[in-house]
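Trainee: Make a model of this:
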Amino acid sequence: MRFAIQGDIHNFNRVAESYLKRMLADASRIGCKFIALLGDNLDGASPNTMRLSAESAVPVIWQRGDHEFFSEWGRTCIMCLNKRHHLLGGEPDPTVFMRGAMPRFEAMTGQPTAWAFTLQGILFVIAHNGKNHVWHDWQIRWLRQLLAEHRHRTTVLLSHRTLDERGETANALRSLLKEFPQVILFCDAHIHSPHPLRLIGNTLQVGTEGNGRDNGKLTYEGDWYVVVELAKDAVRIWRRRMKTDEMVLLNERKVTTTLNELETGNVHLAFLMSDRGVRFNPTIWLRDAKLRVWGVECGQLLPMTAKVDADEDWRKLGIDRVEQVTISQPDDLITLKETIIPVRFEPDPNNVGIAGTVGDGTQVILMALVKAPKGMRVRLEVDALKEDGTMESRHWIDGESDGGIMALQGVVGHIYLGAQSAFGEREPIQKFWRWEGVDGKTEIDMPHPDGKPREATKLIVRLKLVKPLVGATVYFALFAFPEQGGFFVASEGKQTITKVVKVRIGKSEFNIGDLAAGESNEIEVGGIAGGEQIELRCAGSKLALIELIGEADGIMCHALCKVRREDEKFVLGELTEQAKGFDYYGWGEIAVTCLWDWKENRWLIVSQRASKGDDQKSSKSS
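Mentor: From the prediction side, this is the model:
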């Protein structure tokens, strides 16, 4: 079995669309089962690289990279809630989990946060990667359970971030993989350059640029790409030269695999969701399904002491009370609130690295939600102070209100970009720390010898108005989140229990109860139709990992349809609410239903039908 890998397309700014079209056609010609595009495919949404799905003759796996992730939650950003779809996330969109919406990448693909499927006896795992906190606790726990259940099955892990990174979260991943020798391949991207084909434990690390340039050229410069080949007794890594039709062997490893023609279609779909969250089943039809729900922790550093009842706009964000200030006298700059947050930044470069610390020590994310009269300027300001009271940095975010709720967000933190690899390679000429949140900039580099880790022990956070009108009333809420960029909910303190969990799948509701972080509960739910809606209600941490497990003949991508069975065939019916939302953001070029038929290994394309509502039948019988 062959498959191809590529990544770091960056909206065709790094990897040209013409090259990718040739690669897709060539991969089909040489018998690749699929192509995995391993993240950083999107920075913004235009041009949308996912339009390649509709032109491909071979199935395409779209993986989220750190660029997709941090461009979604913004890091340093301003966002007006009136410009966001109620169900689909935009860019940036730091309130996406507060309102129970789908993050932009998941909305565009229609697929889970992380997932796994079997194809011809091999388990393929599509991982989720964060930014500066790369391997989240919930995913490490999910992976451990997944790999334990598939200990008998050869496994390939697909990731954007590389396996050899420094930092505690990467250490946690490598430690995990050593427990499971069936993971024989780890395919990655991210660094825009080759790296060694490195054996870490029993896992071979393979990058999208192979182990070296070809005649001095990277893949897209020299018209070649990397092909992985799995046999029953070996794994081979090839350089595929398209112009000369050559296959050049880069590595062969003799190893027994579980490759066979019989085992295809077992799937694990893991959706990280928040209270009032909605997702949709992307498989054609999930048979003998089980629902497994995991508790997920969250943290929020500021006390929620507001006493004013919130209106409906705030309650849609899970916020029942807000703070209120009415301007009583004119001034050029008025401070609505000032608060102090104790912090600690990890100074050891080996612990921070580029993958981040497991606990606190890498970053703190500040967010202000403000509802002010239209045209009023609002500023979020953050001073980082050292132990002796001297200022280490000042950061700020300014925005103009549109009359609705706006979000202002800034990150204060650091990572170490010296020895990026834990194995001594990829040493830069000039080692440096990268600081987040300085002088209104998202990040700046601090080269040695002057560069050093952050030493701040407290943050002073101020919310200000610039030249406000006397008599104006402003409503606001302030939050500070440690580490877990992107998964922001309106909670207080360290919440380690997901409480009063209820999951609805279609018309069936399941009461799960309370789950501590890492604890799971499993229920048999029978069959789940493609496109069936999944809803979560919960309290406490307001986060849960919703995992669907079962057997399926294939999976949809992009515009998901509601599926029913008729005359021994699957019928792709009307679009789901996820697909109907594509027009809101102008995602028309990816408004197609792509169907990967695992049994026949076909990639079927169905045009968008939002305006017609016509049913479409796949040719795959049940």
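
Trainee: which residues sit in contact with the residue lying closest to H195 once chain neighbours are set aside?
Mentor: With sequence-adjacent residues excluded and distances taken as CB to CB, 6 or more residues apart in numbering, H195 is closest to G207, at 4.9 Å. C-beta coordinates here come from the backbone N, C-alpha and C atoms, glycine included. G207 makes contact with 162, 187-189, 191, 194-195, 226, according to CB atoms under 8 Å, 6 or more residues apart in numbering.

Trainee: rerun that using 10 Å as the cut-off
Mentor: Residues near G207 by CB atoms under 10 Å, 6 or more residues apart in numbering: 5, 7, 38, 162-164, 186-198, 226, 237.

Trainee: For it, list each beta-bridge partner.
Mentor: D188 (DSSP bridges).

Trainee: quick one: low-confidence ranges for the stretch 301-450 of the chain?
Mentor: 425-430, 448-449 (pLDDT under 70).

Trainee: And the helices in it?
Mentor: 312-315, 349-352 (DSSP state H, counting those that start in this stretch).

Trainee: so where do the strands sit in the stretch 1-150 of the chain?
Mentor: 2-6, 32-37, 60-62, 77-80, 114-119, 122-126 (DSSP state E, counting those that start in this stretch).

Trainee: so what's G531 closest to, chain neighbours aside?
Mentor: Counting by CB to CB, 6+ apart, the residue nearest G531 is K562, at 3.8 Å.

Trainee: give me the number of residues near that neighbour?
Mentor: Residues lying near K562 (other CB atoms under 10 Å) number 20.

Trainee: Am I right that it is in a strand?
Mentor: Yes: assessed by DSSP: H, G, I helix; E, B strand; the rest coil, K562 belongs to a strand.

Trainee: so what's it up against?
Mentor: Counted by CB under 10 Å, 6+ apart, K562 has contacts 280-281, 529-533, 571-577, 579, 615.

Trainee: next one: R51
Mentor: Contacts of R51 by CB under 10 Å, 6+ apart are 12, 17, 558, 587-592.

Trainee: what's around T457, how many residues?
Mentor: T457 has 16 nearby residues by other CB under 10 Å.

Trainee: how far away is the residue lying closest to it once chain neighbours are set aside from F345?
Mentor: Using CB to CB, 6+ apart and skipping the chain neighbours, the partner closest in space to T457 is E387 (4.9 Å). According to CB to CB, to the nearest Å, E387 and F345 sit 12 Å apart.

Trainee: Check A127 too.
Mentor: In terms of CB to CB, A127 sits 27 Å off from F345.

Trainee: Looking at the two, which has the bigger crowd around it?
Mentor: Under the neighbour definition other CB under 10 Å, A127 and F345 were set side by side, and A127 has more, 25 against 22.

Trainee: Excluding sequence neighbours, find me the nearest residue to the more buried one.
Mentor: Nearest one to A127, counting by CB to CB, 6+ apart, is S159 at 4.5 Å.

Trainee: ok, now which ones touch that neighbour?
Mentor: 7, 36, 38-39, 63, 65, 125-129, 134-135, 173, 186-190, 205.

Trainee: Next step: the residues you listed restricted to helices.
Mentor: If you go by DSSP state H, those have L173 in helices.

Trainee: so what's in contact with E387 and F345 at the same time?
Mentor: Shared contacts of E387 and F345, counting by CB under 10 Å, 6+ apart, come down to 455-457.

Trainee: pLDDT at the residue nearest to H195, what is it?
Mentor: Here, the pLDDT recorded for G207 equals 98.

Trainee: what's the nearest residue to S421 if we skip its chain neighbours?
Mentor: Here the residue nearest S421, using CB to CB, 6+ apart, is D164, at 4.6 Å.

Trainee: ok, now S607?
Mentor: V592 (6.1 Å).

Trainee: contacting residues for the one you found?
Mentor: 50-51, 53-54, 557-559, 579, 582, 605-609.

Trainee: for these, which one is nearest E72?
Mentor: M50 (14.8 Å; CB to CB).

Trainee: in the stretch 501-622 of the chain, which spans are helices?
Mentor: Under DSSP H, counting those that start in this stretch, the stretch 501-622 of the chain gives helices at 577-580.

Trainee: Residue ranges in it under the pLDDT threshold?
Mentor: 608-622.

Trainee: Can you show me the strands along the stretch 351-500 of the chain?
Mentor: So, for the stretch 351-500 of the chain - with DSSP E, counting those that start in this stretch - the strands run 363-371, 377-385, 391-400, 405-416, 432-438, 441-447, 458-466, 473-482, 493-495, 497-505.

Trainee: burial of the closest residue to A355 other than its chain neighbours, as a residue count?
Mentor: Distances taken as CB to CB, 6+ apart place G167 nearest to A355, at 3.1 Å, with adjacent residues excluded. G167 is flanked by 29 other residues according to other CB under 10 Å.

Trainee: give the contact list for G167.
Mentor: Neighbours of G167 in contact, by CB under 10 Å, 6+ apart: 132-135, 161, 173, 346, 349-358, 362, 415-416, 420, 422.

Trainee: Right, I'll call it a day here.
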